[in-house]
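>>> coords please:
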Amino acid sequence: MKTKEIIKRAREVAKPFRITRGKDFRLKDVDPDDTLEFTKEADKPRAKEVLATGVTALAELQEQLYAKDKWALLLIFQAMDAAGKDGAIKHVMSGVNPQGCEVYSFKSPSAEDLDHDYLWRCMKCLPNRGHIGIFNRSYYEEVLVVRVHPEFLAKQKLPPQLLGKTIWEERFEDIRNFEQYLTRNGIVVRKFFLHVSRKEQKQRFLDRVDDPFKNWKFSSNDANERDFWDDYMEAYEQMIQETATKEAPWYVVPADNKWFTRVVVAGAVIETLDSLDLAYPKVDEGKLKELAAAKKKLVSK
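Got it, this is the predicted structure:
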């Protein structure tokens, strides 16, 4: 498949799940089991082939991004536990040059993190120009888990007068402004919510419990958090409603079928990089003369 065809296909796969105007978004409108026109069993091998060709195209685009050294790409992944964030990152970015890509996982904030504003620990991990930065969870945890569990907010040492009823609206505003700032400085932001169903999450947890090679992935807290499922869904929905913009869209990706999730994520990343009009830098006349002289010297010895 030619590169142009791959990019066209990438747009077609990613577009149905891109949210640029959050106001009208409803989480119930996205089926976690959706696979578009791919038939689960018959087309699963075809989807894997599509992913493989996409990874090859992505590697080429990433090399051009690195060579041009003007843009940076920030990919943010949010999801409930067992939705497949790690797998999506691993498979989609498998062909990318590690020198031009950094992955950061944000877990519970440290004592040092809590002595700073909530954006601080993510800000210091932003990608350099020419690089792809990946956040496995991010500052969005501050309007998700912290909102569902207010006791975490109490640990953030904020002055009491700043803990008013509008704190979440203020944080949404801060995040929108922050992402606008990044966009205006050449850091392209793309955000992925991997939308897994409660039923599928339960099955994946049971698989982790039953499989000795997956036991390490499971924590009793994972099961406990299921008690707050409805609260989390409400928080995710409002997060997308408040922070999906044309410049920094959300992709709400069906996650009950991991193979399909990865195809959509790859499509979105390919589409984004292609939109940057990337190309290898052209050298000027002086550089061409320098190269000619170097070649002459190398050939003569």
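
>>> residue boundaries of the helices in the chain?
With helices called from DSSP state H, the chain shows them at 3-14, 44-68, 85-92, 111-114, 120-123, 145-148, 150-154, 167-184, 198-210, 220-225, 229-243, 258-274, 285-300.

>>> Just the residues contacting the first one, thanks.
Outside of helix 3-14, the residues within contact range by C-beta atoms under 8 Å, 6 or more residues apart in numbering are 1, 36, 50, 53-54, 56-57, 60, 251, 263-264, 266-268, 270-271, 274. No exception for glycine: its C-beta is placed from N, CA and C like everyone else's.

>>> Narrow the residues you listed to just the buried residues.
Among the contacts of helix 3-14, those scoring as buried are 50, 53-54, 57, 251, 263-264, 266-268, 270-271, 274 (criterion: 16 or more other C-beta atoms under 10 Å).

>>> Let me know the closest of the residues you listed to Leu298.
Nearest to Leu298 among the buried ones among the contacts of helix 3-14: Ala57, at 33.5 Å, using C-beta to C-beta.

>>> show me what contacts the closest one?
Ala57 sits in contact with Thr3, Ile6, Ile7, Ala10, Ile270, where contact means C-beta under 8 Å, 6+ apart.

>>> Let's have those in CSV, adding pLDDT.
What follows is the contacts of Ala57, written out as CSV (pLDDT from 0 to 100):
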residue, pLDDT
Thr3, 76
Ile6, 87
Ile7, 87
Ala10, 90
Ile270, 96
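
>>> Now a PyMOL select for only the buried ones of those residues.
Buried residues among the contacts of Ala57 (16+ other C-beta under 10 Å), as a PyMOL selection:
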select buried, resi 6+7+10+270
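
>>> Make a markdown table from the contacts of Ala57 and add distance to Arg190 to it.
A markdown table is the format used below for the contacts of Ala57 (distance: C-beta to C-beta, whole Å):
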| residue | distance to Arg190 |
| --- | --- |
| Thr3 | 20 |
| Ile6 | 18 |
| Ile7 | 16 |
| Ala10 | 13 |
| Ile270 | 11 |
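
>>> Output the below-cut-off pLDDT ranges for this structure.
Scanning the chain with the threshold set as pLDDT under 70 gives 1, 40-42.

>>> if I look at Lys296, how far off is Leu51?
45 Å (C-beta to C-beta, to the nearest Å).

>>> what about these two, which has more around it?
A count of neighbours by other C-beta atoms under 10 Å puts Leu51 above the other of Lys296 and Leu51, at 22 against 9.

>>> didn't that one look like it was pressed against Trp259?
Yes - with contacts counted by C-beta atoms under 8 Å, Leu51 reaches Trp259, the gap being 7.5 Å.

>>> if we can go back for a sec, how about the buried ones among the contacts of helix 3-14, which pair is most distant?
The widest separation within the buried ones among the contacts of helix 3-14 (C-beta to C-beta) is 19.8 Å, between Thr53 and Tyr251.

>>> mind giving me CSV with the helices of the chain and columns for distance to Pro160?
Below are the helices of the chain laid out as CSV (distance: least, C-beta to C-beta, whole Å):
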stretch, distance to Pro160
helix 3-14, 44
helix 44-68, 45
helix 85-92, 35
helix 111-114, 16
helix 120-123, 21
helix 145-148, 17
helix 150-154, 10
helix 167-184, 12
helix 198-210, 36
helix 220-225, 28
helix 229-243, 23
helix 258-274, 41
helix 285-300, 61
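
>>> Pick the most deeply packed of these.
Of all the helices of the chain, helix 258-274 has the most neighbours on average by mean count of other C-beta atoms under 10 Å, namely a mean of 25.

>>> Now flag whichever of the contacts of Ala57 is closest to Asp284.
So of those, ranked by how close each gets to Asp284 (C-beta to C-beta), first place is Thr3, at 27.1 Å.

>>> Quick check: that closest one vs Glu242, distance?
Relative to Glu242, and taking C-beta to C-beta, Thr3 is found at 36 Å.

>>> give the contact list for Gly95.
So Gly95 contacts Val55, Thr56, Leu58, Ala59 (C-beta under 8 Å, 6+ apart).

>>> Not including adjacent chain positions, what is the nearest residue to the last one?
Looking back up the chat, that one is Ala59. Gly95 (3.9 Å; C-beta to C-beta, 6 or more residues apart in numbering).

>>> Likewise for the second one?
Spatial nearest neighbour of Thr56, chain neighbours left out: Gly95 (6.2 Å); criterion: C-beta to C-beta, 6+ apart.

>>> for the third one, same thing?
Nearest in space to Leu58, with sequence neighbours left out and distances taken as C-beta to C-beta, 6+ apart, is Ile270 at 5.5 Å.

>>> Repeat that for Val92.
Ala266 (4.7 Å).

>>> Wait, the one you found touches Gly54, no?
Yes - judged on C-beta under 8 Å, Ala266 makes contact with Gly54 at a distance of 4.1 Å.

>>> If anything else comes up later, I'll come back, but that's it for now.
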